[in-house]
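Engineer: Structure of the sequence below:
(2 chains)
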There are 2 protein chains.
Amino acid sequence: MDNYTAPINDMLAALRIVGIDDLLALPDFDKVDVAAIHDVLDGFGALAENVIAPTNRVGDANGATLDTATGVVHTAPELAEAYAEYSRGGWTALSAPEALGGGGFPAIAATAMREMFGSANMALSLNPVLTQSAIELLERWGDDRQNALYLARLIDGRWTGTMNLTEPDAGSDLGAVRTTATPLDGDRWAINGTKIYITWGDHELTDNIVHLVLARAPGAPGGTKGLSLFLVPKVLVDETGALRGRNGVHALALEHKMGIHASPTCVLQFDDAVGELVGPLHNGMAAMFSMMNPARIAIGLQGVSIGERALQQATAFAAERRQGRVGAENPGPIAGHPDVQRMLLDMTVTVRAARRLVYATSIAVDVAGHHPDAEVRIAAQARADLLTPLAKAWSTDEGVRLASLAIQIHGGMGFIEETGVAQHYRDARIAPIYEGTNGIQAIDLVGRKVARDGGAAMSSLITEIVATVDRADAIPALADAASSLRTATATLTATTAWIVDTFSSATSDVFAGATAYLGLAARCAAAEILLREAVEAVETAEAGEGTDADAVVGSAADAARLAAQVTFFAAEQLDSAPSAASIMLGAGVLAAGLA
Amino acid sequence: MDNYTAPINDMLAALRIVGIDDLLALPDFDKVDVAAIHDVLDGFGALAENVIAPTNRVGDANGATLDTATGVVHTAPELAEAYAEYSRGGWTALSAPEALGGGGFPAIAATAMREMFGSANMALSLNPVLTQSAIELLERWGDDRQNALYLARLIDGRWTGTMNLTEPDAGSDLGAVRTTATPLDGDRWAINGTKIYITWGDHELTDNIVHLVLARAPGAPGGTKGLSLFLVPKVLVDETGALRGRNGVHALALEHKMGIHASPTCVLQFDDAVGELVGPLHNGMAAMFSMMNPARIAIGLQGVSIGERALQQATAFAAERRQGRVGAENPGPIAGHPDVQRMLLDMTVTVRAARRLVYATSIAVDVAGHHPDAEVRIAAQARADLLTPLAKAWSTDEGVRLASLAIQIHGGMGFIEETGVAQHYRDARIAPIYEGTNGIQAIDLVGRKVARDGGAAMSSLITEIVATVDRADAIPALADAASSLRTATATLTATTAWIVDTFSSATSDVFAGATAYLGLAARCAAAEILLREAVEAVETAEAGEGTDADAVVGSAADAARLAAQVTFFAAEQLDSAPSAASIMLGAGVLAAGLA
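Structural biologist: Here you go, the predicted model:
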């Protein structure tokens, strides 16, 4: 029941509606076309279906363990085999620059690939997710020697990377980091301290691990401004990359987590571990911020990944499980019961919406990095910055909800571990927490993304939403959805203005409504894409252009399905979006209610 | 961090607002007063806090196991000790009739007690929950001999009871039950078949277990009409109750569940097990229906129980955990951050709302059973029937959401099993499934509870809601909440009329919106109680009556807190309640969207 089939067609449709054609028309991507991306999806899809997905249950059941006698972290052997195939396939290099041995594909291609990895085995996929963050950090801040020695080996998959930020008293507040860096001879530093929640912080999948570590150098100021970034290899290497004995970093313990059991979450102890500085001194937070958008997009994507896998499992179960009369069949498949259909449609539409929202965020990063026009780059960066907290928070919250719906569709069997759907529910729950809790995302949204630019980036998004609503208004099948989106967008406009007006004078009032505002904004942004896609599908079908074999959408049946889906999404999610009263509630009501 | 404190004050406030004073004024309860109930809550609260609550983690970590060699089910020894204290205290007897050795308390007192049991250890509390169902079934359908032999021993806690309904192909659809009953000599029957998901189906807490089993006698019609109810003891007994050797019923296997690990969920095999008929032949479903409301109320209560425990743990954590600046404190407690406050208030208000909705349902059952006026009894029964699916489904869905919020407040630590909050999230997830999935509840609501009586019972509820809104309108601090409730109730009125008009002609369309309708109805019903309580608190405070030491509410501070809470609930839950469009979407949109 728990097979995984890569949803290539909907991924391609999502890529088109978020603008893959325009992106690939840019000079930087003149060697890439949609057919090449299709090949990538097919190729990785086969790996995900046949090699990675079968490891998901065994990785959960036989979670990572630490041999305290030897200090070695063990994971299920199936994971090492799957990782080796992934590494041999050169998939880590997909979106790295060609100059560094990469494939030169846009990041959106890696995003689509990573969606499938996350569906196939979320816990294992975290290893490449963290490695990708290390890659992006070194691409931006590493020097030529570091790039040749470390970055190249991360890109080709021989080594993996980790991010070492959190400490017992420094979680959401990194200013409290206590790990120290003391200068040694030459460019070497001695790193001392304890880091927690280090994903894939130790393992045997590769013979070395590149730890990127936030630490404080002597004389550095307190708070986040005094943090610097250091590269600390698990195994010391010479300048040829040959291994030269263990460094002073060890896994002290593994966390016993509710989910993602296959992923070793380490307490790492740094005892005079030898590291080297990455980027300028005291530049640690700037470096961290440079990889924050991609990392948050990658986590938002996990909501899509888990939602897709849960949807596939629920769909298969509902088609097989027979209970009660369905038409002439008694017992008939539960997929015939309207209440079950509603859950299945909810899952289907929400996965599609979240996929498009995350893809739209990812492609904005590509445009910001590659468009020849500086103004377009700036606008795309603002869009990426704006959408990132929406993509991260909304998609991961929905991922949890979708996994829960999948359990509900399974009834009693959903609560039994062997069924496998409970794992999705347990795994999904971490995504709203790590890489900045969803509350942090909401605060980031209202402060840095909305108040700071006077609402300009949000206004630009709203303008696009209204334009789509105007197009949809003329199409009878989409009128209800358009009306719901128009109403929700009016609330978004009003509350955006309130945030801009209120933020500096009554920050707490804005923070009190931040999560509600994010929920509204994300639903509007996601609904706009669904609605635009439906508009284009209807227009294509009416123009009789749906006969092209290449058309991902275009038939009258496609148009009807997409219209029904966005109508459902509007009724289910936009009509129930957080109200202006909920967003503008104010901190005083919270304090009074908790008094 | 994970202590439990019985929330006696809010339980008493909830009992008052749902009408405990009027109930205790009835002749049947002339020996019970509020002080006696307060004593019961204090007494059981101490047991829950000091004896039962400490078993929760160990029961989860050392789940029930089956020794396949001996066929014996083992649970953590701490559970047996806690159960023994519970049994010795005579708590099972609390609401049983005095004639049968019971305490003669109303069922609402047992509901309040059971809330605490569920908070203290949900998995262990399932044992008394199922035993209570068996008690209520035998009270109604057992003969004098059965009552003396079995019922008395269930009431005094010496034995426990189970309900055996589900089979591999008969879950939500009990008409597919295949277990057979073959007449033997005298009143004895031979029971053969396999039952699954039997909660506490075997254990060593007591020396006997009374299984109530749905089975089909020879010549019985197919479907649910051919089912009869049989009593099958685990150990055969003579007419004095002395044990006379094992009966032919054994645990074949235990389920490996995501949560409630302490509760053995058994596959029970009946091999020529000797049973006796309970009630008339082919009366099995009628008997089941007679215990359905109380059982569903008990499960709805689990949402309250888990929500309360999760709230207490999250509150304690947020007061201790320091991250980021809060006023002059850096780092300050995260309870000072508005986004965390919002989650805490959400949990606080929702637990209070769910508690009141479940208590209101439970007390309606008491009134229906004990009021001297037949018309009042009939109206109360209709109210209980109407509220039961709301209480079951909404409270359990909210229980899951609240457990998830508690994890979120904990951040990364919430995902670590040792913290204990993950257990609530895993445990809570079964409640929307068992005792009739929440989808079944919604179908029950729109069909049996709304369409069947032409919307009469719902109209009666709506009339009460509108009356409370009218009272609140006059109070400035409650005007926003009143306005939200008025709007939501208008939608409830309109969609109720649509259901009554549509049900017989387009049943699938109504079923397609059933879950959304239930969500709206439950929020309105719960909000009405919160709003009425706030109105009374404001009126009491304004009248200067808040100085009475007995007043649970009454001070100006209480009034302000309750006003803020209902204002929050209205903005958060009523403004975002399912829309008329969502409820009246129709089955066609679902089919088109899934095409």
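Engineer: What ranges does chain A have for its strands?
Structural biologist: Secondary structure of chain A (DSSP state E): strands at A:65-67, A:72-74, A:160-164, A:180-183, A:188-199, A:209-216, A:227-233, A:235-237, A:243-246, A:249-254, A:265-277.
Engineer: and the second one, what does it pack onto?
Structural biologist: Here strand A:72-74 touches strand A:65-67, going by 3 or more Cβ pairs under 8 Å, 6 or more residues apart in numbering or on different chains; DSSP states H and E. All C-beta spots, glycine's among them, are computed from the backbone N, C-alpha and C.
Engineer: Let's see that with 6 Å instead.
Structural biologist: If you count contacts as 3 or more Cβ pairs under 6 Å, 6 or more residues apart in numbering or on different chains; DSSP states H and E, strand A:72-74 packs onto no helix or strand.
Engineer: same question for that strand, mean pLDDT?
Structural biologist: If you average the pLDDT over strand A:72-74, you get 94.
Engineer: Buried residues, it. List them.
Structural biologist: Neighbour-count burial for strand A:72-74, with 16 or more other Cβ atoms under 10 Å in any protein chain shown as criterion, is recorded at A:73, A:74.
Engineer: In its sheet, which strands sit next to that strand, and in what direction?
Structural biologist: strand A:65-67 (antiparallel) (DSSP bridges).
Engineer: what sits against residue A:363?
Structural biologist: Residue A:363 is in contact with A:18, A:19, A:23, A:108, counting by Cβ atoms under 6 Å, 6 or more residues apart in numbering or on different chains.
Engineer: If you drop the residues flanking it in sequence, what lies closest to it?
Structural biologist: In this structure, residue A:363 finds its nearest non-sequential neighbour in residue A:108, 4.6 Å apart by Cβ to Cβ, 6 or more residues apart in numbering or on different chains.
Engineer: what about the one you found, neighbour count?
Structural biologist: Residue A:108 sits with 28 neighbouring residues when counted by other Cβ atoms under 10 Å in any protein chain shown.
Engineer: In this structure it contacts residue A:362, no?
Structural biologist: Yes. The pair residue A:108 / residue A:362 is scored as a contact, 4.8 Å apart, by Cβ atoms under 6 Å.
Engineer: where does chain A have low pLDDT?
Structural biologist: Along chain A, segments meeting pLDDT under 70 span A:1, A:545-553.
Engineer: one more time with 90
Structural biologist: A:1-2, A:68-71, A:97-101, A:171-172, A:288-293, A:542-555 (pLDDT under 90).
Engineer: quick one, domains of it?
Structural biologist: As recorded under automatic domain parsing, the domains making up chain A are A:8-155, A:160-289, A:291-588.
Engineer: Of these, which is nearest residue B:146?
Structural biologist: domain A:291-588 (29.4 Å; Cβ to Cβ).
Engineer: what distance separates that closest one from the centre of its chain?
Structural biologist: Using Cα atoms, centre = their mean, to the nearest Å, the mean C-alpha position of domain A:291-588 is found 13 Å from that of the whole chain.
Engineer: what about it, start to end distance?
Structural biologist: 36 Å (Cα to Cα, to the nearest Å).
Engineer: next one: stretch A:15-33
Structural biologist: This stretch, stretch A:15-33, spans 12 Å end to end (Cα to Cα).
Engineer: what about it, distance to the chain center?
Structural biologist: Distance of stretch A:15-33 from its chain centroid, counting by Cα atoms, centre = their mean, is 21 Å.
Engineer: which of the residues in that stretch are buried?
Structural biologist: For stretch A:15-33, a neighbour-count test (16+ other Cβ under 10 Å) marks A:15, A:16, A:17, A:18, A:19, A:20, A:23, A:24, A:26, A:28, A:29, A:32 as buried.
Engineer: Could you identify the most distant pair in these?
Structural biologist: The span of these, defined through Cβ to Cβ, is set by A:17 and A:28 at 21.7 Å.
Engineer: Serialize the buried residues of stretch A:15-33 to JSON lines and add fields for distance to chain B.
Structural biologist: Output for these, formatted as JSON lines (distance: Cβ to the nearest Cβ, whole Å):
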{"residue": "A:15", "distance to chain B": "22"}
{"residue": "A:16", "distance to chain B": "20"}
{"residue": "A:17", "distance to chain B": "17"}
{"residue": "A:18", "distance to chain B": "21"}
{"residue": "A:19", "distance to chain B": "25"}
{"residue": "A:20", "distance to chain B": "25"}
{"residue": "A:23", "distance to chain B": "29"}
{"residue": "A:24", "distance to chain B": "31"}
{"residue": "A:26", "distance to chain B": "35"}
{"residue": "A:28", "distance to chain B": "38"}
{"residue": "A:29", "distance to chain B": "35"}
{"residue": "A:32", "distance to chain B": "34"}
